[in-house]
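**Q** with the input below, show me the fold.
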Amino acid sequence: MSENSLPESHRDLLEAPIPVTIATVGSGGHPQLTAIWVVLDGGDVVTSLTETRQKLKNLRARPQATVFVIDPNNPFRTLEVRGDVTIEPDPDLVTLVRVLGAYGTELESFQGPLEDRVTVTLRPTRVVALG
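**A** Numbering: from 1, shown residues only. As a prediction, this is how the structure comes out:
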């Protein structure tokens, strides 16, 4: 296994409906961390964001991020995925619907903004799996 691929032993942490933390770098150089929902697309980590969020502004300025997740049943088992990010418009909310579905939610009951949604794809460059 290469250092930039998700190990089978930890894929479940990104396939289960567990919130993950995304770290981006703000304009002042400090990290900004936010809890988000994600889905896997092959070996990539995908989420839906809206244009008004600081994390998206950070990603537009510096398209690198880290996703970190802790196994809720074993806090010593973690997965860190660092990578390069691409951002694509999602006017039809395809990615949002997919992410919501993975977490047992439907678009009709989603209380977040629906306007100006984008698909953010993190392609791993370094993966650290512990536990």
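**Q** Arg126: which element?
**A** strand 117-130 (DSSP states H and E).
**Q** so what are the sheet partners of that strand and their directions?
**A** strand 44-50 (antiparallel), strand 74-89 (antiparallel) (DSSP bridges).
**Q** where do the helices sit along the protein?
**A** Along the chain, the segments classed as helices by DSSP state H run 12-15, 54-61, 94-102.
**Q** buried set for the longest one?
**A** In other words, helix 94-102. Residues of helix 94-102 classed as buried by neighbour count (16 or more other C-beta atoms under 10 Å): Thr95, Leu96, Val97, Arg98, Val99, Leu100, Ala102. Placement of C-beta: from N, CA and C, glycine included.
**Q** including pLDDT and distance to Lys57, could those residues go into CSV?
**A** Below are the buried residues of helix 94-102 laid out as CSV (pLDDT from 0 to 100; distance: C-beta to C-beta, whole Å):
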residue, pLDDT, distance to Lys57
Thr95, 98, 19
Leu96, 98, 19
Val97, 97, 24
Arg98, 97, 23
Val99, 98, 20
Leu100, 97, 23
Ala102, 97, 25
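**Q** about what we covered before: point out the most buried one among the strands paired with strand 117-130.
**A** strand 44-50 (a mean of 21; mean count of other C-beta atoms under 10 Å).
**Q** now that one, how far from the chain's geometric center?
**A** 5 Å (C-alpha atoms, centre = their mean, to the nearest Å).
**Q** relative to helix 94-102, how tilted is that strand?
**A** Relative orientation of strand 44-50 versus helix 94-102 (axes from the mean of the first three to the mean of the last three C-alpha atoms, to 10 degrees): 110 degrees.
**Q** with just CA atoms, put strand 44-50 into PDB.
**A** What follows is strand 44-50, C-alpha atoms only, in PDB (Å, rounded to 0.1, in the frame of the first residue of the first chain):
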ATOM      1  CA  ASP A  44     -11.100  10.300  -2.900                       C
ATOM      2  CA  VAL A  45     -12.900  12.100   0.000                       C
ATOM      3  CA  VAL A  46     -15.800  14.200  -1.300                       C
ATOM      4  CA  THR A  47     -18.100  16.700   0.400                       C
ATOM      5  CA  SER A  48     -20.600  19.400  -0.400                       C
ATOM      6  CA  LEU A  49     -19.900  23.000   0.700                       C
ATOM      7  CA  THR A  50     -21.500  26.400   0.100                       C
END
